[in-house]
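**Q** Structure here, sequence nowhere to be found:
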């Protein structure tokens with residue numbers, strides 16, 4: 001079979017009996033699962049690692065019809081792409097794979113951004129090699145590099161499309177101005193940024209802009225890094241867990257958010273769902289071009305997340321969510337000062 005994702009009717013028929021719903025990836029016409037799979041936590045940033053369970057989770061994603069997988073070269077310094085390849089390669093035609101470039105770790109600065117065409121060339125070849133494929137379906141610029149004009153970066157990325165190494169282009173954490181400038185050089189298929197019940201900055205300008213330009217919006221951390229599920233216990237996180245550096249898991253913010261999570265769990269129970277399902281259903285209700293990518297390395301949570309597509313929220317449910325959130329307003333910023341410097345405002 002030709003290397004690449006395929007949305008042939010043959011495979012669609014195989015999963016038709018399942019409960020997964022599908023959405024279109026922006027202007028591309030590609031049919032992807034309404035709930036994607038964020039793979040970062042399988043190899044990077046969070047407490048614990050279990051490659052065997054992660055591989056089983058990837059296999060389970062295929063069973064559930066979750067065909068939109070998200071990774072990056074930065075996750076585990078390439079380890080995440082290598083892990084995913086074990087399931088991706090034998091099932092290439094069943095997975096729409098997205099990865100990213102732009103971050104690189106230096107000895108004195110672990111979060112350096114390099115969006116130069118020269119670095120991009122090295123990064124894409126390395127990602128293709130680790131993934132074991134010939135074409136990446138969706139290739140994101142992980143963060144905006146203030147040292148390199150976006151026109152230069154996107155122009156070089158467009159060259160990868162022309163060469164068949166990449167099918168579609170995406171951006172992550174880009175401002176409205178950057179999105180417009182990028183789209184003027186080459187069509188942008190998707191924008192990935194944080195969006196959840198606790199992180200709603202994108203609603204003012206970003207979401208309307210993406211809808212107007214036919215760009216899919218892909219929320220990462222749609223469960224607020226597990227916070228809204230009411231399962232996170234700060235004392236149980238090991239010292240390497242990324243969340244310990246975030247204001248929302250510290251001090252008074254954490255006290256507010258722990259109370260919020262308890263209340264949100266009660267509300268979800270009243271609505272016959274889990275907190276994760278309610279949070280994901282809320283995001284899905286915000287627009288047909290929105291495809292969240294909750295991250296997990298465990299099959300039980302993957303199945304739970306997939307069930308969100310069955311939950312329909314009407315005006316009363318949405319109002320109840322808004323009322324609850326207003327009762328716990330002190331959620332805190334999503335990043336510390338150091339990480340905020342990497343987000344293009």
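**A** In hand now; what should we look at? Note that this is a predicted model, so its numbers are computed, not measured.

**Q** Surely residue 277 and residue 305 touch.
**A** Yes. Counting by CB atoms under 8 Å, residue 305 is a contact partner of residue 277 at 7.3 Å. Using the backbone N, CA and C atoms, a C-beta is placed for each residue, glycine as well.

**Q** Between the two, which has more neighbouring residues?
**A** A direct count of neighbours by other CB atoms under 10 Å for residue 277 and residue 305 places residue 305 higher, at 28 against 22.

**Q** which SS state does the more buried one fall under?
**A** helix (DSSP: H, G, I helix; E, B strand; the rest coil).

**Q** do residue 99 as well
**A** With three-state DSSP as the basis, residue 99 sits in strand.

**Q** and what of residue 41?
**A** Under three-state DSSP, residue 41 comes out as helix.

**Q** With residue 224 instead?
**A** Under three-state DSSP, residue 224 comes out as coil.

**Q** From what I see, it and residue 196 are in contact.
**A** Yes. Applying CB under 8 Å, one finds residue 224 in contact with residue 196, separated by 4.6 Å.

**Q** Need the residues touching each of those two.
**A** residue 279 (CB atoms under 8 Å, 6 or more residues apart in numbering).

**Q** Which one's more surrounded, those two?
**A** residue 224 (26 against 22).

**Q** Please tell me how far the more buried one sits from residue 246.
**A** 10 Å (CB to CB, to the nearest Å).

**Q** How about residue 116?
**A** 29 Å.

**Q** Looking at those two, which one has more neighbours?
**A** Comparing residue 116 with residue 246 by other CB under 10 Å, the one with more neighbours is residue 246, at 20 against 16.

**Q** Give me the pLDDT for that one.
**A** Reading off the confidence values, residue 246 has pLDDT 90.

**Q** How much space separates it from residue 302?
**A** 24 Å.

**Q** now do residue 51
**A** Using CB to CB, which is the criterion applied here, residue 51 is 16 Å from residue 302.

**Q** Which one's more surrounded, those two?
**A** residue 302 (23 against 13).

**Q** For the host helix or strand of the more buried one, enumerate the helices and strands it packs against.
**A** Using DSSP states H and E, residue 302 sits in helix 299-306. In terms of contacts (3 or more CB pairs under 8 Å, 6 or more residues apart in numbering; DSSP states H and E), helix 299-306 is packed against helix 51-64, helix 275-284.

**Q** for those, which one ends up most surrounded?
**A** helix 275-284 (a mean of 24; mean count of other CB atoms under 10 Å).

**Q** what does that helix rub up against?
**A** 34-35, 195-197, 219, 222-224, 228-230, 261, 264-265, 267-268, 271, 273, 290, 292, 294, 301, 304-305, 307-309, 311-313, 318, 321.

**Q** Please narrow the residues you listed to those residing in helices.
**A** 261, 264-265, 267-268, 301, 304-305, 318, 321 (DSSP state H).

**Q** Let me know the closest of those to residue 208.
**A** residue 318 (18.5 Å; CB to CB).

**Q** So the closest one sits against residue 285, correct?
**A** Yes. Counting by CB under 8 Å, residue 285 is a contact partner of residue 318 at 7.0 Å.

**Q** residue boundaries of the strands in this protein?
**A** 22-24, 31-33, 37-38, 68-70, 96-101, 103-106, 109-113, 136-141, 166-172, 190-194, 216-220 (DSSP state E).

**Q** In a markdown table: those, plus mean pLDDT and mean neighbour count.
**A** Shown next, in a markdown table, are those (pLDDT from 0 to 100; neighbours: other CB atoms under 10 Å):
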| stretch | mean pLDDT | mean neighbour count |
| --- | --- | --- |
| strand 22-24 | 97 | 18 |
| strand 31-33 | 97 | 21 |
| strand 37-38 | 97 | 27 |
| strand 68-70 | 98 | 27 |
| strand 96-101 | 98 | 26 |
| strand 103-106 | 81 | 14 |
| strand 109-113 | 81 | 14 |
| strand 136-141 | 98 | 25 |
| strand 166-172 | 98 | 24 |
| strand 190-194 | 97 | 24 |
| strand 216-220 | 97 | 26 |
